[in-house]
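Trainee: predicted model and sequence follow; I will ask about them next.
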Number of protein chains: 2
Amino acid sequence: MLKKERQEFILREINLHNKVLTSDLCEAINVSEDTIRRDLSELAESGDIIKVHGGALSKSFHVSFQTNGVYSHDNKKKIAQKAVTLIRDGMFVLTTGGTTILELAKALPQHLRATFFTGSLPAAMEYIHHPNIEVIFIGDRISKNSKITVGGDAISKIKQINADICFLGINAIDAEHGLTDNDWDVVQVKKAMIQSSKKVVALTIAEKINTQQKLKIGDLDVLDILITEMGPHEKIFDAYKAKGVEIL
Amino acid sequence: MLKKERQEFILREINLHNKVLTSDLCEAINVSEDTIRRDLSELAESGDIIKVHGGALSKSFHVSFQTNGVYSHDNKKKIAQKAVTLIRDGMFVLTTGGTTILELAKALPQHLRATFFTGSLPAAMEYIHHPNIEVIFIGDRISKNSKITVGGDAISKIKQINADICFLGINAIDAEHGLTDNDWDVVQVKKAMIQSSKKVVALTIAEKINTQQKLKIGDLDVLDILITEMGPHEKIFDAYKAKGVEIL
DNA sequence: AGGGTTGATGAATGTTTTTGCAGGAATTTT
DNA sequence: AAAATTCCTGCAAAAACATTCATCAACCCT
């Protein structure tokens, strides 16, 4: 097999599987590891692949993370844009924390006049920048991980609220396992918020769709609307629609 | 699985869920905990994540306050330095908001183990950066001017507290008129805090000494200690000492 | 045709990287 | 204070790597 031929084979293999192992290649092509290594070096040199210890990765695989701090920032903005359309003047709104909710806070129109309840420090900091929004903070112990208030006192306060709409920034959602999270205290708070709202809206980037975590918040039937950055007609949403969730 | 591949996976997981546990990862990827730890260290080294005991956190979730540019910043730092010496392990501490209190928050030693109660959003954001400090937030309506919670609910919560020490960032103090302020709601909160503490400490830059505002918080006899950036033996303090206030 | 050059390959050798493990220190939880 | 986790350090084995060298085929030039 010719050198050029071999390298094309390697490229094809990488684009197919996003990665190759040196050992796999040398077995497949039946040449020494050194030869494969030389090939990979050349391909990496000309910028077609990314060489790593043990093999190589496709360039598209390494889509540089961390654009400007917040992961998937643009997508979250898009989600926030959709979410604000659900809020009307005079509403009582309950929100959790999380970076997606923060984007929602930033996207609130200046003229909107509403009352926001939250236990998230960062979210509250955003809300108070808006001239016509009244902010009620739910107090109690602050969880350092999530920067929201947790605990019995917070939950009993939440239960006294009767909100029009609740925005949940969620960590994982799955058609079968419903809404899940990884922090027990946070789960309790989210449960309470769901109970205290007429309408429940979940915000999440599409990447979290069909993932799950260890602790359950609730089944899909507690959810009224799901908002992601994708259009509402994607196939991935079929299972959710079937369970009565509206996709926005 | 290649090392780089693994690290991309970890990054993804963190950005998705804001945190990961070492144990979860090593189960998911099926490598030893040491390997995961090494990966986390490297990712932390290059600044992509924040490593903590037991796992790692997303970077975008960890934002600190910028206080450079605050008026009389150096003086406030000096005040904070003096104030922290009053706090002991195990204490229950009640604080207001304000830039001076923010400096106090930043000056807290890492090893200090105490419980802080506050209704100030910025102060709470600072406190939660400290590893051994428990933060209890006093909830209610948030005043946009002062960024602290005000209202009857907050006050009744404060009255349930029995704190060892209370730090007041104050707006005006005068030997004759005592402590004064200019926001009715804030005054109510400060009054309640004073009532709920064994010891009351006022922090202020010397500039505010011998000034007054429209609304009264209390006479000088509610005050135990007054801290400014100046030394305790200045003449200006004589009137305060005469009324039983200790100067630090 | 024949000697010289070039490029590709595989083998030999020593180095570096990666990984898991043992143990003791540090930290967290009970 | 005790128990349980988690962490760090050093170590060792395996895998992967870089470097050098020898071989061989293809090519080029008189």
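Mentor: Looks like it came in fine. Everything numeric here is computed off the predicted structure, so don't read it as measured data. Numbers count the residues shown, from 1 in each chain, chains lettered A, B, ... in the order given.
Trainee: can you map out the helices along chain A?
Mentor: Listed in chain order, the helices of chain A (DSSP state H) span A:3-17, A:22-29, A:33-45, A:73-84, A:99-107, A:121-127, A:152-160, A:184-195, A:238-242.
Trainee: between those, which gets nearest to residue B:2?
Mentor: helix A:22-29 (10.2 Å; CB to CB). The C-beta positions use only the backbone N, C-alpha and C, and glycine is treated the same way.
Trainee: what about that closest one, average pLDDT?
Mentor: Averaged across helix A:22-29, pLDDT comes to 90.
Trainee: check which helices and strands the lowest-mean-pLDDT helix or strand in chain A sits against.
Mentor: Lowest by mean pLDDT, DSSP states H and E among the helices and strands of chain A is helix A:3-17, with a mean of 87. Here helix A:3-17 touches strand A:19-21, helix A:22-29, helix A:33-45, strand A:49-52, strand A:55-58, going by 3 or more CB pairs under 8 Å, 6 or more residues apart in numbering or on different chains; DSSP states H and E.
Trainee: try 7 Å
Mentor: On a contact count with 3 or more CB pairs under 7 Å, 6 or more residues apart in numbering or on different chains; DSSP states H and E, helix A:3-17 meets strand A:19-21, helix A:22-29, helix A:33-45, strand A:55-58.
Trainee: wait, does the third one make contact with DNA strand D?
Mentor: Yes. Among the residues of helix A:33-45, A:33-34, A:37, A:41 lie within reach of DNA strand D under CB under 7 Å from any atom of the strand.
Trainee: OK, contacts around the residue nearest the centre of chain A?
Mentor: For chain A, residue A:205 is the residue whose C-alpha lies nearest the centre (CA atoms, centre = their mean; 3.8 Å). By CB atoms under 7 Å, 6 or more residues apart in numbering or on different chains, the contact set of residue A:205 is A:72, A:75-76, A:228-229.
Trainee: show me which of the residues you listed is closest to DNA strand D.
Mentor: Nearest to DNA strand D out of the contacts of residue A:205 is residue A:72 (CB to the nearest atom of the strand; 26.2 Å).
Trainee: what sits closest to that closest one if chain neighbours are left out?
Mentor: Excluding the flanking residues, the one nearest residue A:72 by CB to CB, 6 or more residues apart in numbering or on different chains is residue A:205, at 4.9 Å.
Trainee: same question for residue A:167.
Mentor: Spatially, and ignoring its direct neighbours in sequence, residue A:167 is nearest to residue A:95 (4.5 Å; CB to CB, 6+ apart).
Trainee: report how many residues lie close to residue A:125.
Mentor: Other residues near residue A:125 number 20, with proximity taken as other CB atoms under 10 Å in any protein chain shown.
Trainee: quick one: it and residue B:74, what's the gap?
Mentor: 26 Å (CB to CB, to the nearest Å).
Trainee: same thing with residue A:135?
Mentor: Distance from residue A:135 to residue B:74, by CB to CB: 32 Å.
Trainee: ok, residue A:177 next?
Mentor: For residue A:177, the distance to residue B:74 equals 54 Å [CB to CB].
Trainee: identify the residues contacting the residue in chain A positioned nearest to chain B.
Mentor: Nearest to chain B, among the residues of chain A, is residue A:139, at 2.5 Å (CB to the nearest CB). Counting by CB under 7 Å, 6+ apart, residue A:139 touches A:149, A:154, B:137-139, B:149, B:157.
Trainee: okay, the closest residue to it other than its chain neighbours: pLDDT?
Mentor: Excluding its sequence neighbours, the residue lying closest to residue A:139 (CB to CB, 6+ apart) is residue B:139, at 2.5 Å. The per-residue pLDDT reported for residue B:139 equals 95.
Trainee: if we can go back for a sec, tell me the phi and psi of the residue nearest to residue A:72?
Mentor: phi -70, psi 150 (degrees, to the nearest 10).
Trainee: just the pLDDT at it, thanks.
Mentor: For residue A:205, the predicted pLDDT is 92.
Trainee: just residue A:181 next, same as before
Mentor: Looking at residue A:181, its pLDDT reads 90.
Trainee: tell me the spacing between residue A:132 and residue B:144.
Mentor: Between residue A:132 and residue B:144 the computed distance is 11 Å (CB to CB).
Trainee: any weak-confidence spans in chain A?
Mentor: Along chain A, segments meeting pLDDT under 70 span A:60-70.
Trainee: thinking again about what came up before, who has more neighbours, residue A:135 and residue B:74?
Mentor: The neighbour count for residue A:135 versus residue B:74, taken as other CB under 10 Å, is higher for residue A:135 (24 against 10).
Trainee: that one against residue B:140, yeah?
Mentor: No. Residue A:135 is beyond contact range of residue B:140, at 9.9 Å (criterion: CB atoms under 7 Å).
Trainee: related to what we said a few turns ago, adding distance to residue B:18, write the helices of chain A out as a markdown table.
Mentor: Shown next, in a markdown table, are those (distance: least, CB to CB, whole Å):
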| stretch | distance to residue B:18 |
| --- | --- |
| helix A:3-17 | 30 |
| helix A:22-29 | 35 |
| helix A:33-45 | 34 |
| helix A:73-84 | 13 |
| helix A:99-107 | 8 |
| helix A:121-127 | 12 |
| helix A:152-160 | 19 |
| helix A:184-195 | 10 |
| helix A:238-242 | 23 |
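Trainee: which of those helices sits closest to residue B:87?
Mentor: Nearest to residue B:87, of all the helices of chain A, is helix A:121-127, at 21.8 Å by CB to CB.
Trainee: picking that back up, which of the residues of helix A:33-45 next to DNA strand D tops the neighbour count?
Mentor: For the residues of helix A:33-45 next to DNA strand D, the largest neighbour count, defined by other CB under 10 Å, is 16 neighbours, found at residue A:37.
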